[in-house]
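J.: Build the 3D model from these lines:
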Amino acid sequence: MRRFPNGCTTDKHQLFGPFMARLSGCIFQIDQGDYSLLMKAKREELLKQGVPDPSDKDVTKHITSDEVGRHCKRATRGIKETTSLIKALIDSLDGERGK
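T.: Reported below is the predicted structural model:
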C-alpha cells in the first residue's frame, strides 16, 4: 500500500486522495468488534456533549479516520476479494465515469 503512490506521476490530482482511501478499503478490513466498541464510546461522548439520542449515522459522522486507526485492528482481505474490489475500483474510475 505504501509503495503504490510511487507508481503515480503526481499526488496533486484531485482524485488521488479519494482513490488512495478507497484502495486502502479494498485491501484492508476493519475489525467489526473493535469498530462497534468505538461506535459505543463515541455515542457516549456525544451524549455527554448534549446531543440527544444520536443515530448511527450521526455517530459514524463524528468518528475520524485517526480514531479508527488508533482503536480498530485492520487485517488484509483474501486474494480473490482484494483483486475483485481493486478491479471494481479501477473500473469505476475508468473512461468517462472517472471524469
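
J.: the residue most distant from the middle of this protein, which is it?
T.: Computed with Cα atoms, centre = their mean, the residue of the chain farthest from its C-alpha average is G50, at 27.6 Å.

J.: From E44, how far off is the most centrally placed residue in the chain?
T.: For the chain, the residue sitting closest to the mean C-alpha position, by Cα atoms, centre = their mean, is G25 at 5.2 Å. Per Cβ to Cβ, to the nearest Å, G25 is found 27 Å from E44. Quick note: C-beta positions are derived from backbone N, CA and C, even for glycine.

J.: Same question for I86.
T.: 37 Å.

J.: Comparing these two, which shows the higher neighbour count?
T.: Legend: neighbour count by other Cβ atoms under 10 Å for I86 and E44, higher for I86 (15 against 12).

J.: need the contact list for the spatially closest residue to that one that is not a sequence neighbour.
T.: Nearest in space to I86, with sequence neighbours left out and distances taken as Cβ to Cβ, 6 or more residues apart in numbering, is C26 at 4.9 Å. C26 sits next to 77, 82, 85-86, 88-89 when contact means Cβ atoms under 8 Å, 6 or more residues apart in numbering.

J.: Go ahead and confirm H71 touches D34.
T.: Yes. If you go by Cβ atoms under 8 Å, H71 and D34 touch, sitting 6.2 Å apart.

J.: Per the annotation, how does the chain divide into domains?
T.: Taking automatic domain parsing as the criterion, the chain consists of the domains 15-30+75-99, 32-72.

J.: show me where this structure has strands.
T.: In the chain, the segments counted as strands under DSSP state E are 28-30, 74-76.

J.: Could you check the first one and say which residues are buried?
T.: What it means is strand 28-30. Residues 29-30 are the ones in strand 28-30 that count as buried (16 or more other Cβ atoms under 10 Å).
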